[in-house]
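Colleague: What follows is a predicted protein model with its sequence.
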Amino acid sequence: MARNLGLDIGDRRIGVAISDPEGILASPHTSLMYNEDKEAIDSIIVIVKKQEIGQIVVGLPRALDGSLGLQAGKVQAFVQKLAEVTGVPIEFRMSA
């Protein structure tokens, strides 16, 4: 069974977690510092290949009122670029 990769995407840092092979328990893996999206995407691709990732799960931040705000738009734009090059299914999970 393939592992899941969890991403918590910020403006300059991405928190990365990887699940066990059964996809039940995720543990922190690393924190990626980046200046450009391509730099971060290249690092994520290395992790996807090395860890045999089958799915990527991305936290989608919400505003206090529950709506999607500016940061959610940035995350969605980043994920669009990531999806074009990974070939791995990506899904969003709403985060507070």
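Modeller: That came through, no problem. For clarity, every value in this text was computed on a predicted model and none was experimentally measured.
Colleague: who touches stretch 22-37?
Modeller: Contacts to stretch 22-37, defined as CB atoms under 8 Å, 6 or more residues apart in numbering, come from residues 1-4, 6, 12-20, 40, 43-44, 47, 55, 78, 81. Every C-beta, even on glycine, is put in place using the N, C-alpha and C of the backbone.
Colleague: before we move on, what about stretch 1-14?
Modeller: Contact partners of stretch 1-14, identified using CB under 8 Å, 6+ apart, comprise 15-23, 26, 31-35, 40, 44, 47-48, 51-59, 74-75, 78-79, 88, 95.
Colleague: Now list the buried members of those residues.
Modeller: When those are checked for burial by 16 or more other CB atoms under 10 Å, the buried set is 16-19, 26, 32, 34, 40, 44, 47-48, 51, 53-59, 75, 78-79, 88.
Colleague: Spatially nearest residue to Thr86 (excluding sequence neighbours)?
Modeller: Once flanking residues are discounted, Thr86 sits nearest to Val48: 5.9 Å by CB to CB, 6 or more residues apart in numbering.
Colleague: dump the residue contacts of the one you found.
Modeller: Residues counted as contacts of Val48 (CB under 8 Å, 6+ apart) are 5, 56, 86, 88.
Colleague: and the two most separated of those?
Modeller: The span of the contacts of Val48, defined through CB to CB, is set by Leu5 and Thr86 at 9.5 Å.
Colleague: Give me the average confidence score over the strand or helix carrying Ile45.
Modeller: Using DSSP states H and E, Ile45 sits in helix 37-50. For helix 37-50, mean pLDDT is 97.
Colleague: Return it as CSV; C-alpha atoms alone will do.
Modeller: What follows is helix 37-50, C-alpha atoms only, in CSV (Å, rounded to 0.1, in the frame of the first residue of the first chain):
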residue,chain,number,x,y,z
ASP,A,37,7.2,27.7,-5.8
LYS,A,38,9.4,25.8,-8.2
GLU,A,39,12.0,25.2,-5.5
ALA,A,40,9.3,23.8,-3.1
ILE,A,41,7.7,21.7,-5.9
ASP,A,42,11.1,20.2,-6.8
SER,A,43,11.7,19.2,-3.2
ILE,A,44,8.2,17.7,-2.9
ILE,A,45,8.7,15.6,-6.1
VAL,A,46,11.9,14.2,-4.5
ILE,A,47,10.0,13.1,-1.4
VAL,A,48,7.1,11.7,-3.5
LYS,A,49,9.5,9.5,-5.5
LYS,A,50,11.7,8.4,-2.6
